[in-house]
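*Asks:* Sequence plus predicted model, see below.
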Amino acid sequence: MYRLINLALLVLFPISWVAPLMKAGLLPLFRLTEISVLTGLQSLWKTDIFLALVVTLFALIAPMAKTIGLALLHWNLLSPRAAPVLRIMGKLAMADIFLIAIYITVAKGIGVGRLEVAWGLYLFTACILTSLWVGIRTEKMHAHPVD
């Protein structure tokens with residue numbers, strides 16, 4: 001079961017990267033602009049390369065590397081000794097949810113415009129949490145193969 005859920009994440013993660021995380025606008029009367037992981041990264045690359053690299057690592061590379069690593073582990077194509085590395089990748093992937101929460105809090109705290117959470121944020125969060133769950137279950141499964 002974990003194999004199939006993990007394989008689904010290989011499709012769902014990229015969808016969550018293009019899905020709208022939030023809708024933002026300067027004034028309540030104007031149309032809101034949708035912001036996704038990828039559009040946010042595009043904007044960051046223009047203004048702050050270091051932060052763009054950090055967010056790219058946390059939001060794209062770490063979750064996908066962990067998901068691919070777990071798939072290889074599930075299909076016995078990767079040694080169980082790689083599990084600690086996958087655990088670290090999972091912790092890095094959780095950091096991006098924290099970053100997004102900070103962005104939303106800062107944007108709402110400024111009070112200049114309007115910010116609404118969109119469905120992509122829930123999908124992205126679900127992907128990260130599901131990946132965390134699959135990683136924990138996989139680790140337990142390899143620690144106790146009889147269970």
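*Replies:* Good, I have the coordinates.

*Asks:* State the next helix or strand along the chain beyond the lowest-mean-pLDDT helix or strand in the chain.
*Replies:* Lowest by mean pLDDT, DSSP states H and E among the helices and strands of the chain is helix 83-110, with a mean of 70. Using DSSP states H and E, the helix or strand that follows helix 83-110 towards the C-terminus is strand 114-117.

*Asks:* Please state the offset of the one helix or strand Leu41 maps to from the chain centre?
*Replies:* For Leu41, the host element (DSSP H and E) is helix 37-47. Centroid separation between helix 37-47 and its chain, computed with Cα atoms, centre = their mean, to the nearest Å, is 15 Å.

*Asks:* same for the helix or strand just after that helix, what does it pack against?
*Replies:* Helices and strands here follow DSSP H and E; after helix 37-47, the next one along the chain is helix 49-56. For helix 49-56, the packing partners by 3 or more Cβ pairs under 8 Å, 6 or more residues apart in numbering; DSSP states H and E come out as helix 37-47. Using the backbone N, CA and C atoms, a C-beta is placed for each residue, glycine as well.

*Asks:* how many degrees apart are the helix it packs on and helix 49-56 in direction?
*Replies:* Relative orientation of helix 37-47 versus helix 49-56 (axes from the mean of the first three to the mean of the last three Cα atoms, to 10 degrees): 160 degrees.

*Asks:* model confidence over helix 37-47, on average?
*Replies:* Averaged across helix 37-47, pLDDT comes to 85.

*Asks:* Over to stretch 22-34?
*Replies:* On average, the pLDDT along stretch 22-34 is 71.

*Asks:* wait, doesn't Val130 sit right on Leu10?
*Replies:* For the record, residue 130 is Thr, not Val. No. Thr130 is beyond contact range of Leu10, at 11.8 Å (criterion: Cβ atoms under 8 Å).

*Asks:* between these two, who's got more neighbours?
*Replies:* Higher neighbour count among Thr130 and Leu10: Thr130, with 17 against 13, using other Cβ atoms under 10 Å.

*Asks:* quick one, phi psi at Ala24?
*Replies:* phi -130, psi 150 (degrees, to the nearest 10).

*Asks:* Tell me what it is bridged to.
*Replies:* Assessed by DSSP bridges, Ala24 has beta-bridge partners Thr33, Leu115.
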